[in-house]
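>>> Test case, fold it:
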Amino acid sequence: MDANSLIKKYQSMDSTVRGNWMNLWQECADWCYQTNDNINRIRVAGQEKPPQRMIDTCIEANYSFASGFFSHMFPPNTVWAKFRHPSPMMMANKNVANYFEEVSRIAHKVIIESNFAQEEFQSLLSLGCFGTNCLMMEEDDRNVVRFRNYIVDDIRIAENHLHEVDTVAREYTLTGRQVLQKFGEEAVKEARLDKIFKEMEMGKDNKYKFIQYIAPREDFKYGSLKATEKPFASYHVSKESKEIIKESGFDYNPFKVSRFMVGNEEIYGRSPMSMVLGTARRTNVVYRSLMIASEQQANPQWLIPDDDSVSGMSNRAGSFIKWRATNPNGKPERLAPNGNPALAKDMYDMHEMQIKKAFFNHLFRPLDQYRNMTATEVNERMTTDLMTLTPFVARYIEEHVTPVMNHLFYILQKRKMLPPVPQELSQSAEYEVDYVGRLSLATKSFETMGAVNTMRVFGELAQMNPQALQSLENVDYDKLFQEIWFANSSSMNALKDPAEVEEDREAKAEAAERQQMMQAMPAMADAAQKVSGAVDPNSILAQEGISGGE
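Numbering: from 1, shown residues only. Predicted coordinates for the structure are as follows:
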């Protein structure tokens, strides 16, 4: 693929966002993401940004959404993602369970030591504002992996036939010095950018624009170590010389793109902010009315004659106001305020609540609404309410989080940071990622409650017809226990080996049988005495010290 074709592809992708999308993103950023509100504006770095709004409700709502979602999905200092085998029976094996437990802890340690928390939080802010976020993940010599968030204005995306984002392009700018650092002198010369050397000698450090284009490579070679034969191709193109300055590749797409909600025939996502723009505009108007009404109440307007008989008008405390005393109708007076700040405040609170609900703030601050409830009731109510986020969480896990964890597993395996694979996995070397954050567990409650609810129904039916209990004989309670334990993301290391459980049960059965025999021995001895008058010295009764004679 040549440079001109890549530039044309980028321009085609860029043309789809010019106009409507850019205007939408700009307005959304004006309301709730003030640090990135230069989508279609040109600003100088450090320039003071003019106020575009009178309220900060949307900013607060977006930050609460991002922080609440992060803490519920990625709880700090907790292993929030666990690698495991898809089969509960395989996970019941101690060697397999120990292997995946160690893998999970290694991956968590790497995530904690990287900049994931900072960049993921920024990525969630972008998702709440724009509806599309992009987190770049790459290897790092110091911290194993490194992340960087790109706002939607910095990237262009395309889907495959399955509506999955598999192509990402971006335009970026580098100074001459940065170009040399990133690509090297030989690559700069081959890309016909020799003037960078001359400008560097003259003390100039001009900026140059480049395009990075990442897409699936159709003719890749599986398992090849050559970068130009990897499954995902990466091209860096100079817009000035129209030459490819670097071609490489990846086994995994380094850009993890997710959409909050996708409309019909649309590629980019729709955000909570985009869905409350009308409410935000009205809230701004209501707030302005509230301020005017409150100001009139605190500082009513003056009524003065139009004959210049009043002078020195001032609203300052202790000021002197002069008027012509010979004109009794010329005395200034305060107008009675007719605004209603209380009504304006009620209207503002109603609109503010609507905005915060659109950002799901009420789901992340349960104490604001779950008052006078027990801890159990609060937990059940929170789990039920968090289910409203299930579609979004499922999409976010599929498009964003799971690709990050799969890529991380690949990097750890590539760097030989994982423990040896146990023999039990040699015939079934597969894994899945299980998430144990509160949001993830809420979405999985249906798996665990299905069997429980079914058994509860048959228990209630048995009160009317005892034969209904016979249907429960179909249930293998040991397997059901393992399935529920597995579905709830509990550690499989805590479970005993099935053979050990069977041995314990047999030992307990023998002990119970012996105890029952011990309890029955006095009655047996009494019966034997009545029949024969003596106990056989070779019998069990005699061995236990029970004698039938005196």
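>>> Which parts of this structure are strands?
Taking DSSP state E as the test, the strands found in the chain are 81-84, 132-140, 144-150, 155-159, 165-175, 207-216, 232-238, 243-250, 255-259, 302-303, 310-311, 322-323, 333-334, 432-435.
>>> okay, those strands in CSV with mean pLDDT, distance to residue 501 and mean neighbour count next?
C-beta coordinates here come from the backbone N, C-alpha and C atoms, glycine included. Compiled in CSV, the strands of the chain are given as follows (pLDDT from 0 to 100; distance: least, CB to CB, whole Å; neighbours: other CB atoms under 10 Å):
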stretch, mean pLDDT, distance to residue 501, mean neighbour count
strand 81-84, 90, 20, 23
strand 132-140, 95, 42, 21
strand 144-150, 96, 39, 19
strand 155-159, 95, 49, 19
strand 165-175, 95, 47, 18
strand 207-216, 95, 48, 18
strand 232-238, 96, 47, 22
strand 243-250, 95, 46, 18
strand 255-259, 96, 42, 25
strand 302-303, 86, 88, 13
strand 310-311, 84, 97, 15
strand 322-323, 85, 98, 14
strand 333-334, 86, 86, 10
strand 432-435, 88, 23, 18
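>>> Make a markdown table out of those strands and add distance to residue 93.
Putting the strands of the chain into a markdown table (distance: least, CB to CB, whole Å) gives the following:
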| stretch | distance to residue 93 |
| --- | --- |
| strand 81-84 | 12 |
| strand 132-140 | 32 |
| strand 144-150 | 29 |
| strand 155-159 | 40 |
| strand 165-175 | 36 |
| strand 207-216 | 37 |
| strand 232-238 | 35 |
| strand 243-250 | 34 |
| strand 255-259 | 32 |
| strand 302-303 | 86 |
| strand 310-311 | 94 |
| strand 322-323 | 96 |
| strand 333-334 | 85 |
| strand 432-435 | 16 |
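>>> Of all those, which one comes closest to residue 511?
Across the strands of the chain, the minimum distance to residue 511, taken as CB to CB, is reached by strand 81-84, at 35.5 Å.
>>> Just checking: what are the partner strands of that closest one?
strand 432-435 (antiparallel) (DSSP bridges).
>>> got the contact list for the partner strand?
For strand 432-435, contacts defined as CB atoms under 8 Å, 6 or more residues apart in numbering pick out 73, 80-86, 397, 401-402, 405-406, 440, 489.
>>> Show the low-confidence segments of the stretch 51-200 of the chain, by residue range.
51-52 (pLDDT under 70).
>>> what do you get for the stretch 401-550 of the chain?
Scanning the stretch 401-550 of the chain for pLDDT under 70 picks out the ranges 437-453, 477, 479-480, 482-498, 524-550.
>>> Tell me where it has helices.
Applying DSSP state H, counting those that start in this stretch to the stretch 401-550 of the chain gives helices spanning 402-414, 438-443, 445-462, 477-487, 498-532, 540-543.
>>> can you tell me which residues contact residue 196?
Contact analysis of residue 196 by CB under 8 Å, 6+ apart lists 176, 179, 180, 188, 208.
>>> Let me know the distance separating it from residue 172.
Counting by CB to CB, to the nearest Å, the separation of residue 196 from residue 172 is 16 Å.
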